[in-house]
Structures are given as C-alpha cells and as structure tokens.
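A.B. asks: model this:
(one chain, ligands or ions: 1)
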Amino acid sequence: MTKIAIYPGSFDPVTMGHVDVLKRALKIFDKVIVVVGENPNKKYLFSVEERKAMVESATEGLNVEIDHFSGLLVDFTKKKNATAIIRGLRAVSDFDYEFQAALMNRKLDNTIETIFIMTRGMYCYLSSSVVKEVASLGGDLKDLVSMNVAEELKKKFKK
Ligand code: ADP
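C.D. replies: A predicted model of the protein is given here:
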C-alpha cells in the first residue's frame, strides 16, 4: 500500500526549512502532498496560485503533489487517501498550537496521525515571516529560500 502524507501550511512563501521537513518526510512516506492553505482569517503576501507555483519550483525532482484547500483538514486528508499529517516543530512556541491542533484532528478522525518533524538547527529561526521581513528590508535571502522564491519576494517588495 502506498503511504501518503499531507504537509499543510501557509507556505507564504516556502522556505528552506519547509523543504527540509518535506525531504525528511519523504524518507518515511512514499508520497507527500503539500497543501497550501487558504484561511480567510489569515492575511497572505502571495496568492494561493503564487504560493503553489513557488512550492512547485522549490520542490522540483521530489515526489510531491501540490494542492490547496480551505476547510477541515481531516476531510481533505481522507479524500486524498493519506494517513498522516506532517507538521514541523521549531521552538517551544510552536508546541502549544500544534499540540491543540493535533489533538483536535485526532478527535475528529482517529485514523489519521499527526507526525512532527523537528527542525534542523540551522533552520530553527527560519520562518516565512522572518523571510518577508528580511526581504522587505532588502536583506540577503541566500540559504533561506530558493533562488526563484527570492526573486518573487524581490518583485513583491519593489511594488
Ligand atoms: P502555518 O500557517 O500552517 O503554520 P507555515 O507555512 O508557517 O504554515 O508552516 C507550515 C509547517 O511548517 C508548520 O508545521 C511549521 O511549524 C513548519 N515549519 C515552518 N518553518 C519551519 C522550519 N524552519 N523548520 C521546521 N519546520 C518549519
């Protein structure tokens, strides 16, 4: 049986930290579906199509599918025949929210497991928000995002 996991997030934009989690998830699962979220309560810098396109270029050559969703994550996971939800953990500050979300998702559907992948030391301070801040100030994005994402950020902040 093919083991499928979904990796949901905002990916606004996708960073090297996201890609690292994804590569490590692919050692456990045959296929990972990256799911770009559309949450009406969140303000994004990039549109869902832009975010998906950046994930696509940053994950070239990896066995991933890219999709988007809004709604209940467990329903989407089931629809995709996936059995697990991948989330990354950086600092303790991530834990509270992730713990709550994982427990709620298990209550909604106890056949789906949430798997946490611990960040790599070099990426522990890396987030999409930090990347946007550095980009807005004209800082160097080398090693933080792929070249294509760096270009897209430059374009956004030039406007
Ligand atoms: P969300 O809005 O759902 O938190 P993000 O795109 O910020 O979306 O993050 C998606 C997932 O990737 C989250 O589980 C987050 O903890 C994880 N993640 C983001 N950056 C890193 C990183 N540098 N190292 C490990 N995990 C990360």
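
A.B. asks: Which other helices and strands does the lengthiest helix in the chain contact?
C.D. replies: The residue-count maximum for a helix in the chain (DSSP state H) belongs to helix 92-108. If you count contacts as 3 or more Cβ pairs under 8 Å, 6 or more residues apart in numbering; DSSP states H and E, helix 92-108 packs onto helix 73-79, strand 84-89, strand 113-118. Bear in mind the C-beta positions are built from the backbone N, C-alpha and C, glycine included.

A.B. asks: what's the angle between that helix and strand 84-89?
C.D. replies: Calculated by axes from the mean of the first three to the mean of the last three Cα atoms, to 10 degrees, helix 92-108 forms an angle of 160 degrees with strand 84-89.

A.B. asks: now helix 92-108 against strand 113-118, angle please.
C.D. replies: 170 degrees.

A.B. asks: what about helix 92-108, near the ligand?
C.D. replies: Yes: applying Cβ under 6 Å from any ligand atom, one finds helix 92-108 touching the ligand at Asp94.

A.B. asks: Select, out of the helices and strands packed on helix 92-108, the one closest to the ligand.
C.D. replies: Proximity to the ligand (Cβ to the nearest ligand atom) singles out strand 84-89 among those, at 2.1 Å.

A.B. asks: Quick one: distance of the closest one to the chain centre.
C.D. replies: 9 Å (Cα atoms, centre = their mean, to the nearest Å).

A.B. asks: Tell me the strands beside that strand, with direction?
C.D. replies: Paired neighbours of strand 84-89 in the sheet (DSSP bridges): strand 4-9 (parallel), strand 113-118 (parallel).

A.B. asks: Point out the most buried one among those.
C.D. replies: Ranked by mean neighbour count, these are led by strand 4-9 with a mean of 22 (mean count of other Cβ atoms under 10 Å).

A.B. asks: Which residues of the protein lie near the ligand?
C.D. replies: 9-11, 15, 17-18, 21, 37, 87-88, 90, 94, 119, 123, 126-128.

A.B. asks: ok, now with 5 Å
C.D. replies: Within the chain, the residues that sit near the ligand (Cβ under 5 Å from any ligand atom) are 9-11, 17, 21, 87-88, 119, 123, 126.

A.B. asks: Include pLDDT and distance to Thr111 when you put those residues into CSV, please.
C.D. replies: Shown next, in CSV, are these (pLDDT from 0 to 100; distance: Cβ to Cβ, whole Å):
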residue, pLDDT, distance to Thr111
Gly9, 97, 22
Ser10, 97, 26
Phe11, 98, 26
Gly17, 97, 29
Val21, 97, 23
Arg87, 97, 17
Gly88, 96, 22
Thr119, 93, 27
Tyr123, 94, 31
Leu126, 95, 32
